[in-house]
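> Quick check, what structure comes out for this input:
(chains A and B)
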Amino acid sequence: MRRDIFQAIADPTRRAIITLIALQAMTPNAIAENFHTTRQSISKHLRILTECELVKQEQQGREIYYSLEIKKMKEIDKWLEQFRKIWETRFNQLDQVLSTIKKQKK
Amino acid sequence: MNNSLLFDFTVDKAKKTVFINREFDAELSLVWDAFTKAELLDQWVAPKPWSSKTKYMDFKVGGKRFYAMVSPEGEERWAIQEYTSITPKTNFKMYNVFADKDENPELPGSEWDHTFSEQNGTTKVSITIYNESLERLERILDGFTQGMKMSLSNLENLLATLSKK
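Here you go, the predicted structure:
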């Protein structure tokens, strides 16, 4: 099943994880210390974020560090920007329709 | 075009909701008509080069609009809007779902809320769109951007042909 990237960031804990690791790469244990939840639950969230390619893992010695995939986050913004453009086009078209009708009425 | 007209577009990804505000240089009743009458809607809702085609529209609570977005190649993408609440010239709400050409809906859909207000001859429209799945938005976008890319490459080809002459 393909992961829904927006579903991934719809969860408050996952958003908090993203905010944390945006500042620096962290181990799962270090991340878990910031939450009142089990280490297993944090692992589950990290797995979902990894599957969505929002975070990347890096092995350093014995530890695995998680960091944010900035490029992927930017992709979301780019995607939304396109959606905004559609509305912009649409409304510019409406401006023209309105101005044509106004002229006809005069 | 009056450039001081407001346009903002924000997305609350967590709430899966899109918020849009736009002002129009026209009186409220005209803008209301542009959003609620098929013959006017079809003139602007499809971002060019797409076009909009309304098969039928019955603007009343419980009524529907069955329409298609038509690609430059003639491909039709059907959808149904069902009006769930109407306060004339103030607000209307609807539920939008994709459908096949035989009007069979494909759930889930999105909930739309439109609010209209006028001040000094300028009409402001506020739209909120709640999507049960934001992937749905992706589908809308894919279609349009493909269409736009297509027409851009057509243009490129045309320009290339012309410049050879």
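
> Quick check: longest helix in chain A by residues?
Using DSSP state H to define each element, chain A has its longest helix at helix A:70-105.

> Give the buried residues for that one.
Residues of helix A:70-105 classed as buried: A:76, A:79-80, A:83-87, A:89-91, A:93-95, A:97-98 (neighbour count, 16 or more other C-beta atoms under 10 Å in any protein chain shown). For glycine as for every other residue, the C-beta is placed from the backbone atoms N, C-alpha and C.

> model confidence over stretch B:122-129, on average?
Averaged across stretch B:122-129, the pLDDT comes to 93.

> Contact partners for A:Ile17?
A:Ile31, A:Ile42, A:His45, A:Leu46, A:Leu49, A:Val55 (C-beta atoms under 8 Å, 6 or more residues apart in numbering or on different chains).

> one step back: mind giving me the packing neighbours of the longest helix of chain A?
helix A:5-10, strand B:7-12, strand B:17-24, helix B:28-36, helix B:38-44, helix B:135-164 (3 or more C-beta pairs under 8 Å, 6 or more residues apart in numbering or on different chains; DSSP states H and E).

> which non-adjacent residue is nearest B:Ile131?
Quick fix: residue B:131 reads Asn, not Ile. Sequence neighbours aside, B:Ser110 is the residue nearest to B:Asn131 in space, at 4.5 Å (criterion: C-beta to C-beta, 6 or more residues apart in numbering or on different chains).

> what is the rounded mean pLDDT of the helix or strand where the one you found lies?
Assigned by DSSP states H and E, B:Ser110 belongs to strand B:105-119. The pLDDT scores in strand B:105-119 average 91.

> cool, stretch A:51-60 as well?
89.

> Then stretch B:55-75?
94.

> Distance from the chain centre to it, please.
Relative to its parent chain, stretch B:55-75 has a centroid offset of 11 Å by C-alpha atoms, centre = their mean, to the nearest Å.

> CA atoms of that stretch as CSV?
Coordinates of each C-alpha in stretch B:55-75 appear next as CSV, following Å, rounded to 0.1, in the frame of the first residue of the first chain:
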residue,chain,number,x,y,z
LYS,B,55,-25.0,18.1,-17.8
TYR,B,56,-27.6,19.4,-15.3
MET,B,57,-27.7,21.6,-12.3
ASP,B,58,-30.5,22.0,-9.8
PHE,B,59,-29.4,24.6,-7.3
LYS,B,60,-31.5,23.8,-4.2
VAL,B,61,-30.9,21.9,-1.0
GLY,B,62,-30.7,18.2,-1.9
GLY,B,63,-30.3,19.2,-5.6
LYS,B,64,-27.2,18.4,-7.7
ARG,B,65,-24.9,19.5,-10.4
PHE,B,66,-23.5,16.8,-12.6
TYR,B,67,-20.6,18.1,-14.6
ALA,B,68,-17.4,17.2,-16.3
MET,B,69,-14.0,18.8,-16.6
VAL,B,70,-13.0,18.3,-20.2
SER,B,71,-9.3,18.1,-21.2
PRO,B,72,-8.0,19.7,-24.3
GLU,B,73,-7.9,16.2,-25.8
GLY,B,74,-11.6,15.7,-25.1
GLU,B,75,-11.2,13.4,-22.0
